[in-house]
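S.K.: Output the structure for:
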Amino acid sequence: MTRITAGGRVFELLTLDGIFVSDRSMKKTQMVGIVLAGACLVIAVGCPKRTEHKKFSDESGSSLTTPAPRNTEKTESKSESLELAPLKIDRQLVKNSKVPQAKELLDKSKFEDLVMLIEPDEASGMAPADREALTDIYYHAAHRLRHRLHNVSFSSMFCERGLLLSSKHAGLLRLQADNYLHPDMKLVGGAEELANQLVEIDARDVENQYLRGRVAFEQAEYDVAIKWLERAAKDPGQSKISEEAYQLLGMAKAKRDEIRSALSMTRELEIMMKRAKSLAHNQVGPTPTPGADGSGQMAMQPGETADPAGGKIVLYMTQWCKYCRKTRELLKSLNVKFEERDIEKDQQALMGMMETAERLGVEVTGVPVLQIGNQLVVGYNPTLIENMINKIR
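M.R.: Numbering: from 1, shown residues only. Presented below is the predicted three-dimensional model:
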């Protein structure tokens with residue numbers, strides 16, 4: 001609700017995406033400009049704009065209408081919105097009579113009936129050919145709901161049904177990860193798990209590389225994002241995806257540079273850190289290969305927690321570092337227990353930080369440095385810090 005005073009009168013307006021709706025008349029009008037000149041307030045109101053709609057027909061020829069989507073996702077993949085080829089079911093291979101029924105419901109866009117037709121347990125007990133056909137039906141339903149009707153949660157439900165039948169279906173994995181990244185769901189951790197499955201299945205696939213980069217970007221793991229996006233951007237056979245990857249790569253590099261600029265260093269501290277790094281290298285030995293994700297953080301085995309010792313949080317800082325203060329304030333706002341260690345006054349703290357960095361293969365070029373479990377965050381990166389802390393709560 002927005003209140004505007006003009007000519008001694010108060011108008012209450014409901015605001016919808018830049019469109020003002022009068023509480024009295026409920027007619028849509030668009031605010032064009034507000035000009036203040038002395039004591040006079042002149043409000044110029046433009047003509048009402050109708051919401052743009054798109055019409056389309058599904059395979060059955062039935063006409064459906066839906067509002068044109070707004071661009072609400074900063075990294076949404078345009079490549080995922082491509083139409084799928086019409087689905088054909090080989091009725092000679094399919095034995096279960098419910099599978100052709102499911103196809104008919106899909107053709108008529110009766111998604112509520114489709115999801116109720118076959119229970120997951122019944123679907124899992126079907127013959128392989130029936131399960132394969134039903135998986136494709138669920139995939140087409142999920143894709144249509146996501147990209148035609150823009151119903152993210154319903155699309156996600158069909159993705160789940162399909163993945164129960166075929167856990168390595170690349171199309172379903174990509175689509176579900178895309179759903180998880182949508183602002184309506186924002187399950188970035190789930191998207192990361194699916195993206196990791198995709199690169200395990202085929203790390204050379206450019207769509208998998210791009211999706212893994214998107215997920216890392218959303219997690220503010222910009223070095224990881226750059227690694228995958230650089231690979232996707234170089235692919236000569238996927239011009240559209242490569243173009244998207246190239247654009248996101250530029251954004252990731254800009255974010256990385258922004259984080260690096262949030263590092264504090266003095267000449268004296270630089271000398272101390274170089275000396276400590278040399279000693280740490282001699283004590284720890286050769287730097288191990290970074291984790292499989294290229295993050296420079298130690299890879300965890302299945303079932304291992306973020307920190308075998310319980311997820312201790314340590315802030316390595318100096319008294320004069322403003323970004324150290326910002327990090328401290330962030331940790332307090334997240335209501336977590338943490339230790340502070342001044343590496344200028346505490347030589348053991350400096351050595352401990354450099355030894356941890358040496359073990360993880362992380363380059364430390366300033367403060368703050370935050371240890372969360374067995375991982376390090378170099379610089380002030382609030383998004384990444386919050387994500388990592390949420391994982392160990």
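S.K.: Any stretches of the stretch 51-200 of the chain with poor pLDDT?
M.R.: Of all residues in the stretch 51-200 of the chain, those with pLDDT under 70 make up the ranges 51-82.
S.K.: could you redo the last one with a cut-off of 50?
M.R.: Applying pLDDT under 50 to the stretch 51-200 of the chain flags the ranges 51-74, 79.
S.K.: Going along the chain, name the strands of it.
M.R.: Secondary structure of the stretch 51-200 of the chain by DSSP state E, counting those that start in this stretch: the strands cover 53-57, 63-67.
S.K.: Against which helices or strands is whichever helix in the chain runs longest packed?
M.R.: For the chain, the longest helix by residue count, based on DSSP state H, is helix 239-260. When contacts are defined as 3 or more C-beta pairs under 8 Å, 6 or more residues apart in numbering; DSSP states H and E, helix 239-260 sits against helix 206-218, helix 222-233. C-beta: built from backbone N, CA, C; applies to glycine.
S.K.: how about the CA coordinates for the last one, as CSV?
M.R.: These are the backbone C-alpha positions of helix 222-233, laid out as CSV (Å, rounded to 0.1, in the frame of the first residue of the first chain):
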residue,chain,number,x,y,z
TYR,A,222,33.0,-17.6,-7.8
ASP,A,223,36.3,-19.5,-8.4
VAL,A,224,34.3,-22.7,-8.8
ALA,A,225,31.9,-20.9,-11.1
ILE,A,226,34.7,-19.5,-13.2
LYS,A,227,36.2,-23.0,-13.7
TRP,A,228,33.0,-24.6,-15.0
LEU,A,229,31.9,-21.5,-17.0
GLU,A,230,35.2,-21.2,-18.8
ARG,A,231,34.8,-24.8,-20.0
ALA,A,232,31.2,-24.2,-21.1
ALA,A,233,32.0,-20.9,-22.8
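S.K.: Off-centre distance for that helix?
M.R.: Once both centres are worked out by C-alpha atoms, centre = their mean, to the nearest Å, helix 222-233 turns out to sit 14 Å from its chain's centre.
S.K.: buried ones in that helix?
M.R.: Going by neighbour count (16 or more other C-beta atoms under 10 Å), the buried part of helix 222-233 is 222-233.
S.K.: quick check: angle from that helix to helix 206-218?
M.R.: In this structure, helix 222-233 runs at an angle of 160 degrees to helix 206-218, with axes from the mean of the first three to the mean of the last three C-alpha atoms, to 10 degrees as the basis.
S.K.: So what angle separates the directions of helix 222-233 and helix 239-260?
M.R.: 160 degrees.
S.K.: and if you look at the first one?
M.R.: With the same axes, to 10 degrees applied, the angle from helix 206-218 to helix 239-260 works out at 20 degrees.
S.K.: Other residues contacting helix 206-218?
M.R.: The set of residues that contact helix 206-218 without belonging to it, under C-beta atoms under 8 Å, 6 or more residues apart in numbering, is 75, 77, 79, 170, 174, 177-178, 181, 188, 191-192, 195-196, 198-199, 201-203, 222, 224-229, 231-232, 235, 237-238, 241-242, 244-245, 248-249, 251-252, 255, 293.
S.K.: Which of those are buried? Put it as a ChimeraX command.
M.R.: When burial is assessed using 16+ other C-beta under 10 Å, the buried subset of those is captured in ChimeraX by this command:
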select :75,77,79,174,177,178,181,188,191,192,195,196,198,199,222,224,225,226,227,228,229,231,232,235,238,241,242,244,245,248,249,252,255,293
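S.K.: Distance-wise, check H169 relative to S242.
M.R.: 24 Å (C-beta to C-beta, to the nearest Å).
S.K.: oh, I was asking about N196
M.R.: The gap separating N196 from S242 is 22 Å, by C-beta to C-beta.
S.K.: what's the domain layout of the protein?
M.R.: Using automatic domain parsing, the domain parsing of the chain gives 2-46, 61-258, 267-299+308-392.
S.K.: shaky segments in the stretch 201-350 of the chain?
M.R.: For the stretch 201-350 of the chain, the stretches with pLDDT under 50 are 289-310.
S.K.: Relative to D107, how far out is C159?
M.R.: To D107, C159 is 20 Å away according to C-beta to C-beta.
S.K.: more crowded one of the two?
M.R.: For C159 against D107, the residue with the higher neighbour count under other C-beta atoms under 10 Å is C159, and the figures read 29 against 17.
S.K.: wait, isn't the more buried one in contact with A142?
M.R.: Yes: A contact is recorded between C159 and A142 when judged using C-beta atoms under 8 Å, the distance being 4.8 Å.
S.K.: Overlap of the contact sets of the two?
M.R.: Jointly contacting C159 and A142 under the rule C-beta under 8 Å, 6+ apart are 172, 175-176.
S.K.: What ranges does the stretch 251-393 of the chain have for its helices?
M.R.: 267-284, 322-333, 347-360, 382-392 (DSSP state H, counting those that start in this stretch).
S.K.: closest one to I259 among these?
M.R.: In terms of C-beta to C-beta, the element of the helices of the stretch 251-393 of the chain nearest to I259 is helix 382-392, at 8.5 Å.
S.K.: by contact count, what packs against the closest one?
M.R.: Under the contact definition 3+ C-beta pairs under 8 Å, 6+ apart, helix 382-392 sits against helix 188-201, helix 322-333, strand 369-372, strand 375-378.
S.K.: So for the second one, what gets flagged as buried?
M.R.: For helix 322-333, burial by neighbour count (16+ other C-beta under 10 Å) applies to 323-324, 327-328, 330-331.
S.K.: Make TSV from the residues you listed and add distance to D342 to it.
M.R.: Below are the buried residues of helix 322-333 laid out as TSV (distance: C-beta to C-beta, whole Å):
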residue	distance to D342
Y323	14
C324	9
T327	13
R328	12
L330	18
L331	16
